[in-house]
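# Sequence below, structure please.
(chains A, B, C, D, E, F, G, H, I, J, K and L)
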Number of protein chains: 12
Amino acid sequence: MNEHVYKKVELTGSSPNSMEEAVSNAIERASQTLRNLRWFEVTETRGHIENGRIDHWQVTVRVGFTLDE
Amino acid sequence: MNEHVYKKVELTGSSPNSMEEAVSNAIERASQTLRNLRWFEVTETRGHIENGRIDHWQVTVRVGFTLDE
Amino acid sequence: MNEHVYKKVELTGSSPNSMEEAVSNAIERASQTLRNLRWFEVTETRGHIENGRIDHWQVTVRVGFTLDE
Amino acid sequence: MNEHVYKKVELTGSSPNSMEEAVSNAIERASQTLRNLRWFEVTETRGHIENGRIDHWQVTVRVGFTLDE
Amino acid sequence: MNEHVYKKVELTGSSPNSMEEAVSNAIERASQTLRNLRWFEVTETRGHIENGRIDHWQVTVRVGFTLDE
Amino acid sequence: MNEHVYKKVELTGSSPNSMEEAVSNAIERASQTLRNLRWFEVTETRGHIENGRIDHWQVTVRVGFTLDE
Amino acid sequence: MNEHVYKKVELTGSSPNSMEEAVSNAIERASQTLRNLRWFEVTETRGHIENGRIDHWQVTVRVGFTLDE
Amino acid sequence: MNEHVYKKVELTGSSPNSMEEAVSNAIERASQTLRNLRWFEVTETRGHIENGRIDHWQVTVRVGFTLDE
Amino acid sequence: MNEHVYKKVELTGSSPNSMEEAVSNAIERASQTLRNLRWFEVTETRGHIENGRIDHWQVTVRVGFTLDE
Amino acid sequence: MNEHVYKKVELTGSSPNSMEEAVSNAIERASQTLRNLRWFEVTETRGHIENGRIDHWQVTVRVGFTLDE
Amino acid sequence: MNEHVYKKVELTGSSPNSMEEAVSNAIERASQTLRNLRWFEVTETRGHIENGRIDHWQVTVRVGFTLDE
Amino acid sequence: MNEHVYKKVELTGSSPNSMEEAVSNAIERASQTLRNLRWFEVTETRGHIENGRIDHWQVTVRVGFTLDE
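Numbers count the residues shown, from 1 in each chain, chains lettered A, B, ... in the order given. This is a model prediction of the structure:
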């Protein structure tokens, strides 16, 4: 692993159900255009409220991937 | 949205089951006395342990709401 | 409670399913060797990705326990 | 000054024009209901974008005021 | 404890004598209007100087209390 | 809004006149190549000095935009 | 001093009287089992409230000690 | 530029009008006694309130300058 | 107060007895060479241990003073 | 320099030998696809261990470059 | 990797020569008593000065290792 | 050591070769005018890039020294 260079991009995913699903949505969207995704780090957890209840979660992640040689 | 003034209050909700439920409990309690809740930001996630297992989660959020005109 | 001294240890638990389960795995592993676990604080949430999907969550917690008199 | 107790509240003001006006709007709104405002600290500066231009600034401040004796 | 919702307020107390007394003054002032205070966290320690000596300490705390059911 | 995935990019804009203009320059440059810019967060404010006066401001922002479906 | 390796452990001490006594209690408890304690750093100051007054202080320190050769 | 050593000093400037003017006042005062000022970084933005309005801004900057050979 | 420029210097004071005395020693030493000291902010609290007991406290403060006109 | 807009990207480089080489590998990889790289800031230093020894360093940098006019 | 629980310990290593050697000394000392060391994160870099020159570097790392099943 | 008062100054040193040399250059420059330098803490590591390669490192340190009695 020690000769790779990684790039990180910062994404925010949303879900009405859970933090995990919000992250999962972000990762799966990223994987449509980026190959070799390796890891993520959660940097912020927020959400929107409608009528006194949580409407959806918004979780921000930094996602690391290998730059192709 | 650009003429509003928002206030944030900091709340800690608890749940034996999940982080999401702890936040939800805090939001729903706040909505009993505050109108126009709009968003929240998670600032701290803690929990209590009993007999070597998680007894309940305690999640702190800052909750923003519109000040009535 | 006010005469106790507590120690904190830092652990990272993993789970393919959820953040809560990753924390729970760390707490239960710690309780095999440490008595009197009292509380935890989440300090980092990361995860590994395989084939464009979350493979497992890795959540780091500081766990506090009472030092035996 | 040394016998006072102060409370801080956290507010977000908005303005289409400048950071200073966003803070000023928050302070003036707070002064409608709180007496003895003394100082503020900027904690976050954000903004919304419409059609590729800044639509309005959103600046969050902690505002300190003397609790009445 | 696991069904409660807590609110935190941020207060700054002052004392010419010590950090502890500054915090104590803030807590006791808060207890005049808020029931069920439970814990505090020190977030900032400052002070004013007059004639080359400390005139008074100013310590900021976040104070948590149970929201009445 | 709750099904979107957002990406954030980090930009530094410059201006000899004001912080607001520095941010505005960054946003407008970004809008030449990125559609659907939604919000920004100021993360750093710096500047260069020439002959004992501010020559220009350099303000760094994270800019969020919707990833096209 | 330059060939030593140090380890840090994180402890929370309590006292009804002062921050200093809370730290002192943690250090003295640690010295029962660890030799060669050298320095500490305060990382968190909290406390519990009973009946509107401070019941006890809880101060967390990282304590460094020399690993025996 | 790569053989220089820089020193940073921390200054707080004030202005009734704007953040920019508060920084500018600090820089210009520093340039009366320090040569070769090169850059600044804003580290804190605060202000004082009188009669429910902003009386003046107080902005803290770290200012870097080349140490003379 | 709004036309002044302040400078901050960072000092560490020591005391075998208390945090307050450590800060006080730093302030009084600074006042031998700097006029117009106005306020301080505690930025770090550490200490040295000898024979399993606290030997002395080391508290770091940023001290602000008015630059003479 | 004051009319430019800069973009920052976050990269992690690896090296079995040194932190400097890890950064250098990241910069040189980035320069294959990005023109006008100007500066970097180290944001994280980590490493992997094999058989009780450092196997390779992993250093994360934010790299700034001029956006072409 | 996803069923493991990791523990982190915090160590400070020293070297008269380089940051890398200071970290290496800490890791190798730890490997005498801990099996399955996996990664480290640098958290603090300091050093001591004698006669106007660097006498030795002191680098603090958090070291993660697998808890034996 | 417990009766001393220390002052910290913040310096940035540069080197084309390594982080260590950049710090060393800052320390040695400071020792030309300040006696009794005791320790340093690295607070920021940056660098400039020319033609896709690192041109020089810029490392910022806080340097502590004993104030003469």
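# In chain A, which residue sits nearest chain C?
A:Ser31 (2.9 Å; Cβ to the nearest Cβ). Every residue, glycine included, has its C-beta placed from N, CA and C.
# Go ahead and confirm that residue touches C:Gly52.
Yes: the pair A:Ser31 and C:Gly52 passes the contact test of Cβ atoms under 8 Å, sitting 2.9 Å apart.
# Between these two, which contacts overlap?
Counting by Cβ atoms under 8 Å, 6 or more residues apart in numbering or on different chains, the shared contacts of A:Ser31 and C:Gly52 are A:Leu37.
# Which stretches in chain A count as helices?
Ranges of helices within chain A are A:19-30, based on DSSP state H.
# near chain B, which residues of it show up?
Contact residues (Cβ under 8 Å from any Cβ of the partner chain) of chain A with chain B: A:17-19, A:44-49, A:51-54, A:57.
# could you pull out the strands for chain A?
In chain A, the strands defined using DSSP state E lie at A:6-15, A:37-50, A:53-66.
# about what we covered before: the residue of chain A closest to chain C: how many residues sit nearby?
Residues lying near A:Ser31 (other Cβ atoms under 10 Å in any protein chain shown) number 17.
# A:Trp39 too?
A:Trp39: 18 neighbours (other Cβ under 10 Å).
# And for A:Glu3?
A:Glu3: 11 neighbours (other Cβ under 10 Å).
# OK, contacts around the residue nearest to it when sequence neighbours are not counted?
Nearest non-adjacent residue to A:Glu3, counting by Cβ to Cβ, 6 or more residues apart in numbering or on different chains: J:Ser14, 6.4 Å away. Listed by Cβ under 8 Å, 6+ apart, the contact set of J:Ser14 reads A:Met1, A:Asn2, A:Glu3, A:His4, A:Val5, J:Ala22, J:Asn25, J:His56, J:Trp57, J:Gln58.
# Only whichever of the residues you listed are buried, select them in ChimeraX.
To isolate the buried subset of the contacts of J:Ser14 in ChimeraX, counting by 16 or more other Cβ atoms under 10 Å in any protein chain shown, use the following:
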select /A:2,4,5 /J:22,25,56,57,58
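# what pLDDT does A:Leu67 get?
Model confidence at A:Leu67, expressed as pLDDT, equals 93.
# Check A:His4 too.
pLDDT, A:His4: 88.
# what's near enough to touch it?
A:His4 neighbours (Cβ under 8 Å, 6+ apart): A:Thr66, A:Leu67, J:Ser14.
# Please repeat the previous calculation with a cut-off of 10 Å.
The contact partners of A:His4, taken as Cβ atoms under 10 Å, 6 or more residues apart in numbering or on different chains, are A:36, A:38, A:65-67, A:69, J:12-14, J:25, J:29, J:56, J:58.
# A:Asn17 too?
Contacts of A:Asn17 (Cβ under 10 Å, 6+ apart): A:Ile54, A:His56, A:Trp57, B:Glu20.
# next one: A:Thr12
By Cβ under 10 Å, 6+ apart, the neighbours of A:Thr12 are A:22-23, A:25-26, A:43-44, A:46, A:58-61, F:4-8, F:38, F:64, F:66-67.
# A:Thr43 touches C:Thr45, doesn't it?
Yes: counting by Cβ atoms under 10 Å, A:Thr43 touches C:Thr45, with 9.1 Å between them.
# so what sits against both of the two?
A:Val59, A:Val61.
# The two: which is more packed in?
C:Thr45 (23 against 13).
# if we look at the sheet, which residues does the more buried one bridge to?
C:Val59 (DSSP bridges).
# okay, it: pLDDT?
98.
# ok, now which ones touch it?
By Cβ under 10 Å, 6+ apart, the residues touching C:Thr45 are A:19, A:23, A:40-43, A:45, A:59, A:61, B:45, C:19, C:22-23, C:57-61.
# And it, how close does it get to chain K?
To chain K, C:Thr45 is 14 Å away according to Cβ to the nearest Cβ, to the nearest Å.
# next one: A:Lys7
Relative to chain K, and taking Cβ to the nearest Cβ, A:Lys7 is found at 20 Å.
# And stretch A:48-60, what's buried?
For stretch A:48-60, a neighbour-count test (16+ other Cβ under 10 Å) marks A:His48, A:Ile49, A:Ile54, A:His56, A:Trp57, A:Gln58, A:Val59, A:Thr60 as buried.
# Just put the residues you listed in a markdown table and tack on pLDDT.
Listed next are those as a markdown table, based on pLDDT from 0 to 100:
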| residue | pLDDT |
| --- | --- |
| A:His48 | 98 |
| A:Ile49 | 98 |
| A:Ile54 | 98 |
| A:His56 | 97 |
| A:Trp57 | 98 |
| A:Gln58 | 98 |
| A:Val59 | 98 |
| A:Thr60 | 98 |
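# just checking, A:Val23 touches A:Arg62?
No: contact criterion Cβ under 10 Å: A:Val23 and A:Arg62 do not qualify, at 11.2 Å.
# So for those two, which residues contact both of them?
Common neighbours of A:Val23 and A:Arg62 (Cβ under 10 Å, 6+ apart) are A:Leu11, A:Phe40, A:Val42.
# what pLDDT does the last one get?
With respect to pLDDT, A:Val42 has a value of 98.
# Please name the nearest non-neighbouring residue to it.
C:Thr45 (4.0 Å).
# that older thread, can you give me the distance of the residue nearest to A:Glu3 to chain L?
Using Cβ to the nearest Cβ, which is the criterion applied here, J:Ser14 is 16 Å from chain L.
# that older thread, with distance to chain E added, can I get the contacts of A:Asn17 in JSON lines?
Formatted as JSON lines, the contacts of A:Asn17 follow (distance: Cβ to the nearest Cβ, whole Å):
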{"residue": "A:Ile54", "distance to chain E": "14"}
{"residue": "A:His56", "distance to chain E": "21"}
{"residue": "A:Trp57", "distance to chain E": "19"}
{"residue": "B:Glu20", "distance to chain E": "15"}
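# ok, so of those, who is nearest chain J?
Out of those, the member with the shortest distance to chain J (by Cβ to the nearest Cβ) is A:Trp57, at 24.0 Å.
# ok, that closest one touching A:Glu21?
Yes: if you go by Cβ under 10 Å, A:Trp57 and A:Glu21 touch, sitting 7.7 Å apart.
# Now do the shared contacts for those two.
With Cβ under 10 Å, 6+ apart, A:Trp57 and A:Glu21 have common neighbours A:Gly13, A:Ser14, A:Ser15, B:Glu20.
# if I read this right, the first one contacts A:Ala22, doesn't it?
Spelled out, it's A:Gly13. Yes: the pair A:Gly13 / A:Ala22 is scored as a contact, 4.4 Å apart, by Cβ under 10 Å.
# Touching both of the two, which residues are there?
Between them, A:Gly13 and A:Ala22 share the contacting residues A:Trp57, A:Gln58, A:Val59, A:Thr60, A:Val61, F:Val5, judged by Cβ under 10 Å, 6+ apart.
# residues touching the last one, list them.
Counting by Cβ under 10 Å, 6+ apart, F:Val5 makes contact with A:11-14, A:22, A:25-30, A:32, F:66-69.
# So which of those sits lowest on pLDDT?
F:Glu69 (58).
# Contacts only, for A:Glu44.
A:Glu10, A:Thr12, A:Gln58, A:Val59, A:Thr60, A:Val61, B:Glu41, B:Val42, F:Lys8, F:Glu41.
# Pull the contacting residues for the third one.
Right, the one you point to is A:Gln58. A:12-15, A:19, A:22, A:26, A:44-48, B:39-41, F:1-2, F:4, F:6.
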